[in-house]
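Colleague: can't give you the sequence, but here's the structure:
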């Protein structure tokens, strides 16, 4: 039992440190680079150039955009409103958390243009930091900006396969990629491959049967989930 409790604490600690998509999974060298960049935010130096890739560390994730010049940023962000109305005045207003969450749930998003201040939302902006880690050569800035402008409008959204990072990497490097997604999937894989997950899921299934009784909704998951984890591991 002590081993199982230790396992739960380890995995919960790992998940809580995600910074839902970056933070703790960065290598030590990358963490140092990010800290140095945050100590030298873009606002203190030269302003970003048209076509620059901007990133903003948020509370639980990192948000990305492409600078278009004239204090404007194109960025992909979940938004339910374009699926409900064609009122441009409403759609162009700053996206609220409720609109964002519903957009994630219904897999709706827009590539929209906002001011640099609205995009940053009070955080420091990092400029072209991804150029150091991407293998592909970045396009010329003007081409990057034009590629971003071409995709402005409503598009499907996927947290893992079509998010803001996929959008900016496609615009700047020619192929969509997301380091946040890759690291998240690696973490899930490590949890699945740990055979203690089988025991934990089995125990939780037994508890659900004891609490809610024998039924298809409790018995089948109790059997299938541990079996699937066992086979996957």
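Modeller: Sure, I can see it. Everything numeric here is computed off the predicted structure, so don't read it as measured data.

Colleague: Can you show me the helices along this structure?
Modeller: For the chain, applying DSSP state H gives helices covering 2-16, 28-39, 88-91, 97-105, 116-120, 141-150, 164-173, 179-193, 196-212, 216-232.

Colleague: out of those, which comes closest to residue 52?
Modeller: When those are compared by Cβ to Cβ, helix 141-150 sits nearest residue 52, at 6.6 Å. Backbone N, C-alpha and C define where each C-beta goes, glycine included.

Colleague: what comes up buried for the closest one?
Modeller: When neighbours are counted by 16 or more other Cβ atoms under 10 Å, the buried residues of helix 141-150 are found to be 141, 144, 145, 146, 147, 148.

Colleague: That helix to helix 164-173, inter-axis angle?
Modeller: In terms of direction (axes from the mean of the first three to the mean of the last three Cα atoms, to 10 degrees), helix 141-150 departs from helix 164-173 by 140 degrees.

Colleague: now helix 141-150: mean pLDDT?
Modeller: Confidence over helix 141-150 (mean pLDDT, whole number) is 97.

Colleague: what residues are up against residue 104?
Modeller: By Cβ atoms under 8 Å, 6 or more residues apart in numbering, the residues touching residue 104 are 78, 157, 159.

Colleague: now those residues: which count as buried?
Modeller: With burial judged by 16+ other Cβ under 10 Å, the buried subset of those is 78, 157, 159.

Colleague: you'd agree the second one is up against residue 109?
Modeller: Yes. Contact criterion Cβ atoms under 8 Å: residue 157 and residue 109 qualify, at 3.4 Å.

Colleague: what sits in contact with each of those two?
Modeller: The contact lists of residue 157 and residue 109 share 76, 78, 103, where a contact means Cβ under 8 Å, 6+ apart.

Colleague: any idea which helix or strand of this protein has the worst average confidence?
Modeller: Across the helices and strands of the chain, mean pLDDT, DSSP states H and E gives its lowest value to helix 2-16, namely a mean of 45.

Colleague: Could you measure from residue 209 over to residue 223?
Modeller: 10 Å (Cβ to Cβ, to the nearest Å).

Colleague: Neighbour count for those two, which is higher?
Modeller: residue 209 (15 against 11; other Cβ atoms under 10 Å).
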